[in-house]
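**Q** Give me the fold of what follows.
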Amino acid sequence: MNSSISNKVVLITGAARGIGEQVARQAVAKGAKVSVVGLEPERLKKLAGELGCHWAHCDVTDQAGLDLAVSSAVEAHGRIDVVLANAGVANIGTVNTGPVEALVRTINVNLNGVIRTVSAALPHLIESKGYALLVSSVAAFTAMPGMAAYCASKAGVEQFGNVLRLEVAHLGVRVGTAHPIWVDTDLVRDFREDLPSYRHARKKMPWPMSTELTAEQCAQALLRGMEKRKRRVYIPGSIGLVQALRTVMLSGFVDGIIKRGSGGGEMVTAMEQEARDLGRPFGSHSVGQQ
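**A** Sure thing, here's the model as predicted:
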């Protein structure tokens, strides 16, 4: 195979479904040796059986479990060349109405889970002079009501990656951050199904913020990033324009546009009521919500 990922050992967190699952499938198809890690053992076992790869059950917020999962991947494959820190969740509701534990859980999985994943795998990446790709989001440099914890966590992932890159460069390890737009996964579908206000807000978003990709398309972009050991992976590439304009995107001017587009708080009020009526702080497909 011509792919530079061929024969590389790739560890993927959040691999039971969605983006992580698709990356695993495409990486194996390109000749990689894959280890899939996540919270849903039955799905992971089935996926690993289909792909002929290693799997491990763990919560990325549990360091001991994560250390064991990484060790088992090394035992199975002898090394780790690439880590995709992909596990993530998104709580439903605003800071005013959402349970604080749901906000904290979102940051714990999305940011602390990345930190823990990197910490567990870094000795092996140093040995292989490997590559870590940390899944941030376009949410790292944009803001939307109802996504405070999610945006904060993804901005944290971006900055963690920026500093980590500098700290390990002399060791031969490369670090990238990935910034996808909306991807048609269970997480996004849950928002779409649970919150009419979300559907209304999405309709008003300008290009490229209105773009939605399939999980397969996102996985293709992530694989290309891994193969090239890229510093940044924008998915789609037009999101790079949003990042370049981040000062504008987070300005008072754009705040005003969002406020006017939400009817002077009407959308936020509606979202809060929808979250109350829903009676749960995460989508129906989220796992490990404790």
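**Q** Report the mean per-residue pLDDT for stretch 184-201.
**A** For stretch 184-201, the mean pLDDT works out to 87.
**Q** my bad, stretch 225-238
**A** The model assigns stretch 225-238 a mean pLDDT of 96.
**Q** helix or strand right after the lowest-mean-pLDDT helix or strand in the chain?
**A** The helix or strand of the chain with the lowest confidence, counting by mean pLDDT, DSSP states H and E, is helix 252-261 at a mean of 68. Next along the chain after helix 252-261, taking DSSP states H and E as the criterion, comes helix 266-278.
**Q** Which positions in that next one come out as buried?
**A** For helix 266-278, the neighbour count (16 or more other CB atoms under 10 Å) marks 267-268, 270-272, 274-275 as buried. Placement of C-beta: from N, CA and C, glycine included.
**Q** Return the distance of it from the chain's centre.
**A** 25 Å (CA atoms, centre = their mean, to the nearest Å).
**Q** tell me what it is packed against?
**A** helix 196-203 (3 or more CB pairs under 8 Å, 6 or more residues apart in numbering; DSSP states H and E).
**Q** Report the inter-axis angle for the helix it packs on versus helix 266-278.
**A** Interaxial angle of helix 196-203 relative to helix 266-278 (axes from the mean of the first three to the mean of the last three CA atoms, to 10 degrees): 140 degrees.
**Q** can you give me the offset of helix 196-203 from its chain's centre?
**A** Counting by CA atoms, centre = their mean, helix 196-203 comes out at 22 Å from the chain centroid.
**Q** Equivalent analysis for stretch 47-61, please.
**A** 17 Å.
**Q** cool, stretch 47-66 as well?
**A** For stretch 47-66, the distance to the chain centre is 16 Å (CA atoms, centre = their mean).
**Q** which residues are contacting that stretch?
**A** 13-16, 21, 24-25, 28, 33-41, 44-45, 68-69, 72-73, 76-77, 85, 87, 108-109, 112-114, 116-117, 119-120, 288 (CB atoms under 8 Å, 6 or more residues apart in numbering).
**Q** Distance check, H54 against K204.
**A** To K204, H54 is 44 Å away according to CB to CB, to the nearest Å.
**Q** scratch that, R232
**A** To K204, R232 is 27 Å away according to CB to CB.
**Q** Neighbour count: H54 and K204, which is higher?
**A** The neighbour comparison of H54 against K204 (other CB atoms under 10 Å) goes to H54, with 21 against 13.
**Q** Quick check: bridge partners of the more buried one?
**A** S35 (DSSP bridges).
**Q** Report pLDDT for it.
**A** 98.
**Q** cool, D81 as well?
**A** For D81, the pLDDT comes out at 98.
**Q** cool, Q289 as well?
**A** The model's pLDDT for Q289 equals 53.
**Q** For this protein, just list every one of the strands.
**A** 9-13, 33-38, 54-57, 82-85, 131-135, 174-180, 182-184, 212-214, 232-235 (DSSP state E).
**Q** So for G256, which of those sits nearest?
**A** strand 182-184 (23.3 Å; CB to CB).
**Q** neighbours of H170, just the number please.
**A** Neighbours of H170 using other CB under 10 Å come to 7.
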